[in-house]
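Quick one: sequence plus predicted model below, questions after.
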Amino acid sequence: MSECIALRHVAFEDAGLLSGLLAERSFSLRYLEAGVDRLDPSAILSADLLLVLGGPIGVYEEDRYPFLHDELAALRARLETRRPTLGICLGAQLIAKALGADVGPGPQKEIGWAPVTLSEAGRKSVLSALADVPVLHWHGDNAALPAGAVALASTAACPHQAFAIGETILALQFHIEADPARLEQWLVGHTVELGKAGIDPCTIRDQAATFGGRTASAGREVLSAWLTQACPAR
């Protein structure tokens, strides 16, 4: 059985819809809790697949969250090998920073369902199923495009919503892995952020009822296509 390691920063932002897709491909899924579990660089380097999941901290807050130093170092070593790696939200920003790109606060928070604009490369990529499909955004930071990366998607407030390096490294600022049936965990876990942003959780809940099923279907298609591309033997 192949091994997938997921670096998790907050309990409810997990592999979500990816869990079933991984099981179908005979991957075992093992979580490493950032800041709690020891991040063994050799294990992260050797895993058949690495997921770097989301969370409400900034990649530039190493002084407040010292574990980020080790996480970035382990991720940097893995990225040099071009082994299959998927970063989501904070995970995408960590990939960008590990590759030397700047990451910092964006002009505004993006929270809720809204579409992304696919680039020409994005329309020809595994993200093609997201054309005109609203996705779940939940971030305030933006990442610059790392050297050698191809921009795949954008919004007005975030020029680099998705980028890829070759066929094995994919970074997504938005969430297509989130299971809409478990949205209440997000609303409770991020209640302070929602309050500070002046966003009523009822608004997000209504959006989930309207768009969640469609987004989940497109998300599964995208993630399945990427797994097939990045891990062709699985």
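Cool, got the structure.

For the most centrally placed residue in the chain, give its distance to Ser217.
Nearest to the geometric centre of the chain sits Ile88, at 0.6 Å (C-alpha atoms, centre = their mean). Ile88 sits 18 Å away from Ser217, going by C-beta to C-beta, to the nearest Å. Any C-beta I mention is one placed from the backbone N, CA and C, and that applies to glycine too.

what about the chain, any weak spots by pLDDT?
Residues of the chain that meet the criterion pLDDT under 70 lie in 234.

Where is the longest strand in it?
In the chain, assigned by DSSP state E, the strand with the most residues is strand 103-114.

And the helices in this protein, which stretches?
Ranges of helices within the chain are 18-24, 41-46, 67-81, 90-98, 120-123, 183-189, 191-197, 201-230, based on DSSP state H.

Deepest-packed of these, please.
helix 90-98 (a mean of 26; mean count of other C-beta atoms under 10 Å).

what sits up against that one?
With C-beta atoms under 8 Å, 6 or more residues apart in numbering as the test, helix 90-98 has contacts from 7, 9, 51-60, 68, 71-72, 75-76, 79, 85, 87, 102-103, 139, 141, 143-146, 160, 162-163, 169, 171-173.

List buried residues within these.
7, 9, 51-59, 68, 71-72, 75-76, 79, 85, 87, 103, 139, 141, 143-146, 160, 162-163, 169, 171-173 (16 or more other C-beta atoms under 10 Å).

Let's see which of these end up in strands.
Using DSSP E, the subset of the buried ones among the contacts of helix 90-98 located in strands is 7, 51-52, 85, 87, 103, 139, 141, 143, 162-163, 169, 171-172.

Dump the residues you listed to JSON lines, plus distance to Arg25.
Putting those into JSON lines (distance: C-beta to C-beta, whole Å) gives the following:
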{"residue": "Leu7", "distance to Arg25": "20"}
{"residue": "Leu51", "distance to Arg25": "13"}
{"residue": "Val52", "distance to Arg25": "19"}
{"residue": "Thr85", "distance to Arg25": "16"}
{"residue": "Gly87", "distance to Arg25": "19"}
{"residue": "Val103", "distance to Arg25": "31"}
{"residue": "His139", "distance to Arg25": "28"}
{"residue": "Asp141", "distance to Arg25": "31"}
{"residue": "Ala143", "distance to Arg25": "28"}
{"residue": "Ala162", "distance to Arg25": "22"}
{"residue": "Phe163", "distance to Arg25": "24"}
{"residue": "Ile169", "distance to Arg25": "18"}
{"residue": "Ala171", "distance to Arg25": "21"}
{"residue": "Leu172", "distance to Arg25": "19"}
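
Closest to Trp113 out of the residues you listed?
Closest approach between those and Trp113, by C-beta to C-beta: His139, at 13.5 Å.

Just send the helices of the chain back as a markdown table, with distance to Ser154 too.
Formatted as a markdown table, the helices of the chain follow (distance: least, C-beta to C-beta, whole Å):
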| stretch | distance to Ser154 |
| --- | --- |
| helix 18-24 | 23 |
| helix 41-46 | 29 |
| helix 67-81 | 22 |
| helix 90-98 | 13 |
| helix 120-123 | 9 |
| helix 183-189 | 23 |
| helix 191-197 | 21 |
| helix 201-230 | 16 |
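
Looking at those helices, which is nearest to Trp113?
Using C-beta to C-beta, the helices of the chain put helix 201-230 closest to Trp113, at 4.2 Å.
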